[in-house]
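A.B. asks: structure for the following, please:
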Amino acid sequence: MNNLFSSYNCHPYCFILLASGILASGLFGGIRRRRMGGGGIYLLLLLWSVAHWSFAAAFENAAATIPLKLFWSQVAYPAVVSCPVFFFLFAVRYASTSSFPPRNWIPLLFALPAITVFLAFTHVRFHGLWSGISLLAGTTLARYAHGPWFFVHVTYSYALLLVGTVLLVRRALRVSPHFLPQVCVLVAGSIAPLAANAAYVFQKGGVPGLDGTPVAFLFSGLMLAIGVYRFGILDLVPIARSLLVETMPDGVLVLDPRGVVVDLNPAMASLLGRKREDVFGSRAEETFKDWNGVFQFFEGEADRLTEVEQALPNGGKATFDVQVSTLRDRRTGGRRNLMGKLLVFRDVSSRRRVEEQLREAAFVDPLTGLANMRAAYRILDEMVERRRSDGMVFSLALIDLDHFKQINDTLGHQAGDEVLERFALVVRRNAIPGQVSARYGGDEFLLIFSDYCKREAEILLQGLLEEVHLSIWADPEREISLGFSAGLVDSEDFASSSDLTVRSLLELADACLYEAKSAGRNRLCVHTGIGLQGEL
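C.D. replies: The predicted structure follows:
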């Protein structure tokens, strides 16, 4: 036992290496419990390699004999050659949304490191990695004379580290400024071991025989700790965000648990009409003060999809479908803690306008702009139901333009259409509150008067007939004015509510209209309890 301890001579640098290994092991354990993403598995393997290397290097530095130093160097070298590969894989996966390198390529990345490990364990026979090992006088530090393969190993390792660093730097220039601290932490952590190892290999500064690379990885470990626990580098991959979220047309907004805006993409800033930097850190209630229906999202923790409206400066409105997703910390056991909310805004204003136009087209006559027959039937159904439920009184007039066929035959259908349009314009101009005007078909029209009995509606129709005579000419050259015949009924013309139907109303109004035409046209025919009464 005494001989064993006499073979080691610990000095302060050994404890620094042990501290580096302990820190890397602690980070490995902490990150392993976090959600994996953006190359997280490779970061774990990198930390394992750093811990392995640091512990082995601590024993190698403390070893007092060349055989022990060779043994611990051989123990360390699987981790030494793996660190650049795992860092490269982590950088590629973190900085790219593509699947490069493919999984079947990964063994190829370890081909040269495998040869390096083989030469390390067969040093006594081949001396390919080291040509010789010697102790520095008065110390336990060793000088490793480099063999021919060593420079292949160094070149390959530096290439992987440099490419990984360049990927992160390039990506740092492209991501949102909100994520620059994350990438800068990774870049700082990657440059430190690269610089320290270059100084050791090429003997530029430092103590001869003292490899500062594991200590540099201690700094890398600290940077990664800051990145993981302060900036959450594994919680969100900036590259996926930069390539997808930054360019997507839908607005994306992220709120923290307090309802504060912590991130948004350019599309969302455009929807809000503000600069992104002005929105960061603002309260959601203030940000959406001109929006209707969105404040419900800031309360509760349920996912939902609904529609909201934004008031526009020109007095109009924009309509959005909003998908709200609750973000929870999946790393904790039991009830998952609320991390924030993700809101995706999709502008559906154009779609809503088309839908409204389609709905309007289904119930509006395209020529006159009045309600069509389908709409008239629906309204009459509602009137009949209200008559039965609360006794509401309403009147119905069925109108037919006089001699309209002659207008079409002598002046043409275009002239006939113009007459229909002018008649509809006069009807709209003389309409009263509660009146529904509809084109029943051809040159027939329906006028429905809500809360008006037929005596009151009769007065209104007489005024409309006079207005039509004065303002519409069937044939301007002959100075022939337009007239119409109308049959007028109301809901009180039926003995019982069971007798009152849409069909019975229209049949009775049509009978009155026929009577008006038979009496010479250009007149009203009003149904009375004892029969029909025609009036000019």
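
A.B. asks: what about residue 525, distance to residue 47?
C.D. replies: Between residue 525 and residue 47 the distance, using Cβ to Cβ, to the nearest Å, works out to 96 Å. (Each C-beta comes from the backbone N, C-alpha and C, glycine too.)

A.B. asks: over to residue 420?
C.D. replies: From residue 420 over to residue 47 (counting by Cβ to Cβ), the distance is 82 Å.

A.B. asks: compare these two (neighbour count), which wins?
C.D. replies: Regarding residue 420 and residue 47, a neighbour count based on other Cβ atoms under 10 Å identifies residue 47 as having more, with 26 against 20.

A.B. asks: show me which positions of stretch 513-532 end up buried.
C.D. replies: By neighbour count with 16 or more other Cβ atoms under 10 Å, stretch 513-532 contains the buried residues 513-517, 519, 522-527, 532.

A.B. asks: quick one: contacts of stretch 437-453?
C.D. replies: Identification of contacts with stretch 437-453 by Cβ atoms under 8 Å, 6 or more residues apart in numbering yields 365, 367-368, 370-373, 375-376, 379-380, 383, 392-401, 404, 416, 420, 423-424, 427-428, 431-432, 434-436, 456-457, 460-461, 490, 492.

A.B. asks: for residue 10, the count of nearby residues, please.
C.D. replies: As a measure of burial, residue 10 has 14 neighbours, counting by other Cβ under 10 Å.

A.B. asks: wait, residue 161 touches residue 194, no?
C.D. replies: Yes - with contact defined as Cβ atoms under 8 Å, residue 161 counts as touching residue 194 (4.8 Å).

A.B. asks: for stretch 420-436, give the mean pLDDT please.
C.D. replies: Averaging the model's pLDDT scores along stretch 420-436 yields 88.

A.B. asks: try stretch 351-362
C.D. replies: Computed over stretch 351-362, the average pLDDT equals 68.

A.B. asks: check contacts around the residue nearest to the spatial centre of the chain.
C.D. replies: Computing the C-alpha centroid of the chain and ranking residues by Cα atoms, centre = their mean puts residue 344 first, at 3.2 Å. Residues in contact with residue 344 (Cβ under 8 Å, 6+ apart) are 250-253, 322-323, 325.

A.B. asks: those residues: which two are farthest apart?
C.D. replies: 251 and 325 (14.0 Å; Cβ to Cβ).

A.B. asks: okay, the two: which has more neighbours?
C.D. replies: In terms of neighbours (other Cβ under 10 Å), residue 251 is the more surrounded of residue 251 and residue 325; the figures are 21 against 13.

A.B. asks: against residue 349, how distant is the more buried one?
C.D. replies: Taking Cβ to Cβ as the measure, residue 251 falls 13 Å from residue 349.

A.B. asks: same question for residue 416.
C.D. replies: Relative to residue 349, and taking Cβ to Cβ, residue 416 is found at 38 Å.

A.B. asks: the two: which is more packed in?
C.D. replies: Taking residue 416 and residue 349 together and counting by other Cβ under 10 Å, residue 416 has the greater number of neighbours (21 against 15).

A.B. asks: which residue ranges form the strands in the stretch 351-500 of the chain?
C.D. replies: Per DSSP state E, counting those that start in this stretch, the stretch 351-500 of the chain has strands spanning 394-401, 435-441, 444-450, 473-475, 480-481, 484-490. These are given in chain order.

A.B. asks: would you list the strands that the third one pairs with, along with their directions?
C.D. replies: Sheet pairing of strand 444-450 (DSSP bridges) gives strand 394-401 (antiparallel), strand 435-441 (antiparallel).

A.B. asks: I'd like the mean pLDDT over it, please.
C.D. replies: Strand 444-450 comes out with an average pLDDT of 93.

A.B. asks: ditto for the fifth one
C.D. replies: On average, the pLDDT along strand 480-481 is 68.

A.B. asks: follow-up on the earlier one: now the residue nearest to the centre of the chain: phi and psi?
C.D. replies: The main-chain torsion angles of residue 344 are listed as degrees, to the nearest 10 and equal phi -120, psi 120.
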